[in-house]
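**Student:** below: sequence and its predicted model.
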Amino acid sequence: MDDLSWETLDTAIDYRCPGFDVRRDEVRFPDGETDDFHYVDEPPAVVVLPFTPDGEVVVIDEWRQAVGRTNRGLPAGSVEPEDADDLERAAERELAEETGYEADSFERLTTVEPTNGMANAVHHHFLATGGEPTADRDLDHNESIAVETVPYDDLLEAVVDDGLRDGRTVTAVLWYELLYR
């Protein structure tokens, strides 16, 4: 098979905003032609599938401006620079900030690149167990989030019947199904 890799000749940020940048790379294709390639440049993120001691899942309902509706999902957020070497700490922080829950233990489920044709996003999924509402929530100024617990089987059913559309949540639930059930 021929080498499929592109050579990056130059790179620059065309647009900056909170949460991500739009990056432009000047690239050379394997055939020698060159062109610009734009993509969303964002920090890695953690996604947490948190279970309470009685087996319910802590979920969030959050307004999502890009799709114009409230979306059910799991606690998730960007890995802060101080957490770059400790993704579990980032997962603990996001769980507490968005839900007010703290968990007894965290375990890695998977790492995915959900949109690698148009973004360099990397999502690290974690399973959290023993979650109790013991922390203070600390929402960002642009987060509108409600928290509740639901039976796991209800969450799984929502994945299967298209009632749950958040891709990060779907990924976490399906990996949990594959690994633990």
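**Tutor:** Nice, I can see it. Just so we're clear, the structure is a prediction, and the values are computed from it rather than from any experiment.
**Student:** so residue 91 is in which element?
**Tutor:** Counting by DSSP states H and E, the element that carries residue 91 is helix 87-99.
**Student:** likewise residue 71?
**Tutor:** Here residue 71 is assigned to strand 69-73, by DSSP H and E.
**Student:** partner strands of that strand, parallel or antiparallel?
**Tutor:** Paired neighbours of strand 69-73 in the sheet (DSSP bridges): strand 56-64 (antiparallel).
**Student:** what is the orientation angle of the partner strand with helix 87-99?
**Tutor:** Angle of strand 56-64 versus helix 87-99, following axes from the mean of the first three to the mean of the last three CA atoms, to 10 degrees, is 70 degrees.
**Student:** who touches the strand holding residue 71?
**Tutor:** Contact partners of strand 69-73, identified using CB atoms under 8 Å, 6 or more residues apart in numbering, comprise 59-64, 158, 163-166, 168-169. C-betas here are computed from N, CA, C, even on glycine.
**Student:** how about stretch 100-107?
**Tutor:** Residues outside stretch 100-107 that contact it (CB under 8 Å, 6+ apart): 48, 50-52, 58, 88, 91-92, 95-96, 126-137, 147.
**Student:** please redo it, this time with the cut-off set to 7 Å
**Tutor:** 50, 58, 88, 91-92, 95-96, 126-137, 147 (CB atoms under 7 Å, 6 or more residues apart in numbering).
**Student:** do the same with stretch 128-138
**Tutor:** Contact with stretch 128-138 is made by 48-53, 58, 91, 95-106, as judged by CB under 7 Å, 6+ apart.
**Student:** partners of the longest strand anywhere in the chain, with directions?
**Tutor:** The strand that spans the most residues within the chain, counting by DSSP state E, is strand 7-17. Using DSSP bridges, the strands paired with strand 7-17 are strand 20-28 (antiparallel).
**Student:** quick one: the strand it pairs with to chain centroid distance?
**Tutor:** Relative to its chain's centre, strand 20-28 lies at 22 Å (CA atoms, centre = their mean, to the nearest Å).
**Student:** the very next helix or strand once past it packs against which elements?
**Tutor:** Of the helices and strands lying after strand 20-28 in sequence (DSSP H and E), the nearest is strand 34-41. Applying 3 or more CB pairs under 7 Å, 6 or more residues apart in numbering; DSSP states H and E, one finds that strand 34-41 contacts strand 20-28.
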